[in-house]
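Visitor: Generate a structure from the sequence data that follows.
(chains A, B, C and D)
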Number of protein chains: 2
Amino acid sequence: MNAEPLSLTERRKRDTQLEIARTAARLFSDRGAAAVTAEEIAQQSGVAVRTFYRYFSSKEDAVAPLLTIGADQWHALVAAADPDENVLAALEHTISAVLTPRNAEEIEGLRWTLGLLHAATSDAALQHVWHRVNSDSEVQLRSVLAPAMPTETTPLTLRLLAAAATSALRIALEASAEIDRTLKDPSVLAPHALDAFRQLTSGLDLAPAPSAS
Amino acid sequence: MNAEPLSLTERRKRDTQLEIARTAARLFSDRGAAAVTAEEIAQQSGVAVRTFYRYFSSKEDAVAPLLTIGADQWHALVAAADPDENVLAALEHTISAVLTPRNAEEIEGLRWTLGLLHAATSDAALQHVWHRVNSDSEVQLRSVLAPAMPTETTPLTLRLLAAAATSALRIALEASAEIDRTLKDPSVLAPHALDAFRQLTSGLDLAPAPSAS
DNA sequence: CGGCAAAGTGGCACAATGTGCCATAGTGAC
DNA sequence: GTCACTATGGCACATTGTGCCACTTTGCCG
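Guide: Take a look at the predicted model:
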């Protein structure tokens, strides 16, 4: 898609951001977010506290990159989908694509996400981050979905579709995190999410059936 | 339902809590949550800062009571619904009941909610509170819904139903807040929410149709 | 190579948040 | 009226998050 704005400096910034995120995730999972100070995260990440707050606007925000990776890819895929394709079909195959890891790196990404979600079940601060990520995703999805909607659909339907899609993904991930946070079988995520998506969207006031071209 | 644990002290506490909540809502709506200090809210509410933090665990939390009033009533109604009634039907009439104000006081409550939601569209901190309220509502709804589910339903379906219901209510309120935050016509809320609810739930793997007893 | 502009980094000070602790005032039961 | 109990307020404190300035590194161009 896009792979060129990678100056050496930019890459190092991505690296330190991820480094901080993983350090924070580890500490938060171990002791709970409340018992970890920003100074501690910064120190273990090899940066000054002031620098930490240049990368993230709050202590909890540090783990956000680990939760948004999938969502960002998803939005990009939806935005790049064939405009003539049925919206529901496009959402289905993008959901499937995002939740079907194709290499070890993608599996690792999902494992970080599920691990954090598992820790979030007993940590209010982490739940906040997760909800914020999902809410942002829903808003973002509305923007990329708007051009792909059939012309006669109402604004309400657009909102409902975005909410249904993000809810389906969110619930599939939350359920997986509670059942098997280690993601022993990475292939179960997509079917669960698709099942949820179809149940939530089959009643929407859209093109009669996903079988239409 | 319950009306007796009202000692004089308890009532005064409720009053000051509401007083603080409305003061905070007014200040937040005027200047944005970031530009208001906890000291200011406390002072204008006639309490000390330390007391403010005994009522609310954070500055933003102060407005939560204005957003949860409806949700709390809703959960109570669902929990008290006829166990033999179809779950979808029970949710429909409780949604309708909560969003159909029956007196001036209930209209005022909804106006405070919509006013805050309107302010939240341009205030990240208020959005966080709103999302937290909705997330809590979804979890709470799962608990009160669980006993009313048909025996053969899966845990995933329960999650989806709770998510669909809270999303329907949330989106109806958000849309109303953007269009008409003054709630000139209080009767439009319920139909919108019911429409959204039916669209999101008609595809769920539940009792075939709401016409079944 | 030398040097210069731009951006990343760190240190410091500071307002503000949120909590523990103790003293005081108000309430309710007897 | 006394006495326990609870709400409230004041104070100190660790922590958060930001503005400001100095320093270092990076990238670029003569």
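
Visitor: From now on I want contacts and neighbour counts done on CA atoms only, so please keep to that.
Guide: OK.

Visitor: Helix or strand next in line after the worst-scoring helix or strand of chain A on mean pLDDT, which one?
Guide: Least confident element among the helices and strands of chain A, by mean pLDDT, DSSP states H and E: helix A:8-31 (a mean of 93). Downstream of helix A:8-31, the next assigned helix or strand under DSSP states H and E is helix A:38-45.

Visitor: For that next one, which residues meet the burial criterion?
Guide: The neighbour-count check on helix A:38-45 (16 or more other Cα atoms under 10 Å in any protein chain shown) flags A:Ala38, A:Ile41, A:Ala42, A:Ser45 as buried.

Visitor: Which two among those are spaced furthest apart?
Guide: A:Ala38 and A:Ser45 (10.6 Å; Cα to Cα).

Visitor: if I look at the residue most central in space within chain A, how far off is A:Ala24?
Guide: For chain A, the residue sitting closest to the mean C-alpha position, by Cα atoms, centre = their mean, is A:Ala71 at 3.3 Å. A:Ala71 sits 20 Å away from A:Ala24 when distances are taken as Cα to Cα, to the nearest Å.

Visitor: which stretches of chain A aren't confidently modelled?
Guide: Across chain A, the ranges flagged by pLDDT under 70 are A:1-6, A:8, A:207-213.

Visitor: Give me the contact status of stretch A:24-40 with DNA strand C.
Guide: No. Stretch A:24-40 is not in contact with DNA strand C by Cα under 7 Å from any atom of the strand; minimum separation 9.2 Å.

Visitor: first vs last residue of stretch A:32-50, how far apart are they?
Guide: End-to-end for stretch A:32-50, by Cα to Cα: 22 Å.

Visitor: Would you map out the domains in chain A?
Guide: Following automatic domain parsing, chain A resolves into domains at A:8-59, A:62-201.

Visitor: tell me the most buried of these?
Guide: Each of the domains of chain A was scored by mean neighbour count; the highest is domain A:62-201, a mean of 19, by mean count of other Cα atoms under 10 Å in any protein chain shown.

Visitor: Do a quick rundown of the helices in chain A.
Guide: Along chain A, counting by DSSP state H, helices occupy A:8-31, A:38-45, A:49-55, A:64-79, A:87-98, A:104-120, A:124-145, A:155-179, A:189-201.

Visitor: other SSEs contacting the second one?
Guide: By that I understand helix A:38-45. helix A:8-31, helix A:49-55 (3 or more Cα pairs under 8 Å, 6 or more residues apart in numbering or on different chains; DSSP states H and E).

Visitor: let's see it at 6 Å
Guide: helix A:49-55 (3 or more Cα pairs under 6 Å, 6 or more residues apart in numbering or on different chains; DSSP states H and E).

Visitor: repeat for the last one
Guide: For helix A:189-201, the contact count by 3+ Cα pairs under 6 Å, 6+ apart identifies helix A:155-179 as packing neighbours.

Visitor: Then the longest one?
Guide: With contacts taken as 3+ Cα pairs under 6 Å, 6+ apart, helix A:155-179 sits against helix A:104-120, helix A:124-145, helix A:189-201.

Visitor: Over to A:Arg102: give its phi and psi.
Guide: phi -110, psi -10 (degrees, to the nearest 10).
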